[in-house]
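**Q** Got a predicted structure plus its sequence, pasted below:
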Amino acid sequence: MINELKTKNLLHLHDVRKVYPDKKQEIGHKVILDDIDLSVNKGEFCTVVGPSGCGKSTLLRLILGQEQQTSGDITIEGEIVGMPDCNRGIVYQNYSLFDNKTVLENVMSAYYFKNNIFKRLLNRKEYKAAKDEAISYIKKVRLEDAMHKYPPELSGGMKQRAAIAQALIAKPKILLMDEPFSALDPGTREDLQLFTKEIAEENNMTVFFVSHDLEEAIFLGTRLLVVSQYYQKSGRSTNNHGARIVSDTDISMFNSQKSKETEEFGKKMQEIRKIGFDPEYLQHVKDFDLSHKDSFSDEKYD
Amino acid sequence: MEKVEQTQKSKNKNVLKSIYSLFNPFHLLILTTFYYLASLVSVIKDAGEQNVFMLANEVALSNLNLLFYNGICTLIVVKLLFKIPFLNKFATKNFWGLFASPSKPLAFVLMFVPFVAFVGSYVAYSEYKTGLEAQQKLFPTVDKIGSAFWENATTPDKRIDRVAYKNVRNIDKALEKAEKENLEVVEVKLETENGKETKEMSVSDLKFEKTKQSVLASKVYTDTKSSLSILLTAMLISASIALIFGLYLGLFSAVEKTFGTFLVFFGAIQPVAILPIIMIMAGVEEFGKVVFIVTVLTTTLIVGMNREVKNIPKQSIIKALTLGASQLQVIYQVILPQVFPKFLNIMKDNFYLCWIFLLASEMISAESGLGYRIMLFKRTTAMDNIIGYVIWITVLCLVIDWVIKKINAKAFPWNQLAK
């Protein structure tokens, strides 16, 4: 069953554990993530929520290859992931644009990296096409007025829009977003949410979206992952256990603008808040709501 | 009656406040400076052959109580002046306090105040001193400094270029002859690369030839040329080493683990202490000086470059990798362009260091160069020449500074925006 998922799905994590050495604690080390089992199909918009410090961003960095897991394996299309490469795109919370390039050059940087200056000069047609594509992306994020400006001249929202265009144009297999909208004002935020969703659906892109805003997560995603350290295991009773995926559900029914006002939406939010964010409420490992069709865990098949 | 008491109280308060503000370090600094200057002025007249500064020291120290009394009086006067509404308003708005910012014309005037004070007092004192004793050498007047520098810059030096010296003398003779006999074209004996020859040249051509030969054989030109060529060669070599090495040091942990501690140790070696070693190993010619400056400067530049590379967020590297960049592209297309203007700034800051090393090494041993020439002037106490050279070096420093700043602003506009 697990192997079947591994070959069928795009991204597959099995028994992933991440431990940080911590000299201050007497325990010796701190477990961040414990037994993460996850399989994500192509075209899925996964949103990840959880209490702050639970390891959502760590999980994202593991998939990105920025950090290495302590044990377990992460595969993309059956291949073990290594250093960051063009299979995975990333949008950070604080806009990681290249300051020395204009917005257009920033958006075109994927093309620049793949074609050195000789190729660019020899193949003018391809260059022209790449430029046109970049301009069309810039128009989509409505930055055409700021096309030839440098990032330090732009506002926060504009920078983030440019960063999203820059990541999208490389057409990665998986787009990772680490709280991309949390530093923006509500108006820009809503705009960008819709834009990201639209582009992801258009290109059948797999998105891995870390957020600390429940409403945003439920509204945006087709699949909601709750990562939390507030759960209990039978047998061992130590507090030094890492976060796990405590809930993995299909939320594609909440994806319209209207659904935000419905009763189910509120109920869902209450439920997630209880199982994910309440330190008093400790769910047992066996009671996790892993109802999504791709979800699996060792306990589920025991 | 009450009112009178109140005003009496507030007056006392004012005096107290003035006494307190005497202990404000800034007030103390300014008052001491003025006090010392006053002592200086009081002794200048009767100084004669004695050292003015020593006398001023004695006077200042023996009348230290005056500093206190005069200080309080001055502060009270200033406080009272500030009571005048017009002055108070002007000062708090334009001049004094945390929230005062001078208007543009006032700022322009203020900029010149220290210059005028410094230069003006020098001019006054040098004129006064020369009036007392026409032959005095220690405080040359401004026109003396100017004419000495002009002579250094436009007359050929016998020791630097014998041929040019002779040629200029011949041209002078020919010009004299032309003036006497009212000629348009004269014969001159000139020694060129091809050997001695006698040429017929027009007066205007001769004048041009004279200026050219004298400037090229002058002290200022040859010294500046030799000093700047050493300076710029050394700067270029250590900059290219530091740029590449610093890049790898900042990005590759293994390189830093290997060389980091060594660099800390190497950077702590005192430059002037190893000067003899380098003189023995590399000689005292230009090559030795270049080696000296490169040895000392490279470490500083590498450390600065390393810091700047570390300041670039790691996200930037990851982002480039996800956009398909290779490791080499990350180093040379992502990090290097972002660090380069900052590196230029580091170089600008370290140019002063460079000058120190250059002048020091030239003063110890050289055959030409600005530092060497100053040391030579010192032997004959030629203050006019020395001051002219000091101003010339300062101007060179400022020009190089300005050029790097301009390059930075023109070539990397985004770097200015980031601030």
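**A** Cool, got the structure. Numbering: from 1, shown residues only, chains lettered A, B, ... in the order given.
**Q** What is the neighbour count of residue 250?
**A** All of this refers to chain A. Using other C-beta atoms under 10 Å in any protein chain shown, residue A:250 is surrounded by 16 other residues. C-beta coordinates here come from the backbone N, C-alpha and C atoms, glycine included.
**Q** wait, I meant chain B there
**A** By other C-beta under 10 Å, 22 other residues sit near residue B:250.
**Q** helix, strand or coil for residue 189?
**A** Using chain A here. Following DSSP: H, G, I helix; E, B strand; the rest coil, the label given to residue A:189 is helix.
**Q** hmm, I had chain B in mind actually
**A** Per three-state DSSP, the secondary structure class of residue B:189 is strand.
**Q** anything in the strand or helix carrying residue B:254 near chain A?
**A** Using DSSP states H and E, residue B:254 sits in helix B:253-268. No - Helix B:253-268 lies apart from chain A when judged by C-beta under 8 Å from any C-beta of the partner chain; the minimum separation is 14.5 Å.
**Q** Return the distance of that helix from the chain's centre.
**A** In terms of C-alpha atoms, centre = their mean, to the nearest Å, the centre of helix B:253-268 is found 32 Å from the chain centre.
**Q** Check which residues of the helix or strand following it are buried.
**A** Once the chain leaves helix B:253-268, the next helix or strand it forms, by DSSP H and E, is helix B:271-282. Within helix B:271-282, the residues that count as buried by 16 or more other C-beta atoms under 10 Å in any protein chain shown are B:271, B:275, B:278, B:279.
**Q** The third one: what's it in contact with?
**A** With contacts defined as C-beta atoms under 8 Å, 6 or more residues apart in numbering or on different chains, residue B:278 is in contact with B:288, B:291, B:292, B:295.
**Q** top of these by neighbour count?
**A** Counting neighbours by other C-beta under 10 Å, residue B:292 leads the contacts of residue B:278 with 26 neighbours.
**Q** For that one, what is the enclosing helix or strand?
**A** Assignment of secondary structure by DSSP H and E places residue B:292 within helix B:286-311.
**Q** Which positions in that helix come out as buried?
**A** Neighbour-count burial for helix B:286-311, counted by 16+ other C-beta under 10 Å, picks out B:286, B:288-306, B:308-309.
**Q** do stretch A:73-83 as well
**A** Result for stretch A:73-83 [16+ other C-beta under 10 Å]: buried residues A:74, A:75, A:76, A:81.
**Q** try stretch B:184-193
**A** Going by 16+ other C-beta under 10 Å, stretch B:184-193 has these buried residues: B:186, B:188, B:190.
**Q** Name the SS class of the first one, please.
**A** I take that to be residue B:186. Going by three-state DSSP: residue B:186 is strand.
**Q** Skipping its backbone neighbours, what lies nearest residue 284 in space?
**A** Chain wasn't specified; assuming chain A. Leaving aside its sequence neighbours, residue A:284 sits nearest to residue A:232 (C-beta to C-beta, 6 or more residues apart in numbering or on different chains; 5.6 Å).
**Q** if you could check chain B rather than the one you did, that'd help
**A** Leaving aside its chain neighbours, residue B:284 sits nearest to residue B:365 (4.3 Å; criterion: C-beta to C-beta, 6+ apart).
**Q** quick check: longest helix of chain B.
**A** Secondary structure of chain B read by DSSP state H shows that its longest helix is helix B:219-251.
**Q** same for that helix, what does it pack against?
**A** helix B:142-154, helix B:253-268, helix B:286-311, helix B:336-364, helix B:370-379, helix B:383-411 (3 or more C-beta pairs under 8 Å, 6 or more residues apart in numbering or on different chains; DSSP states H and E).
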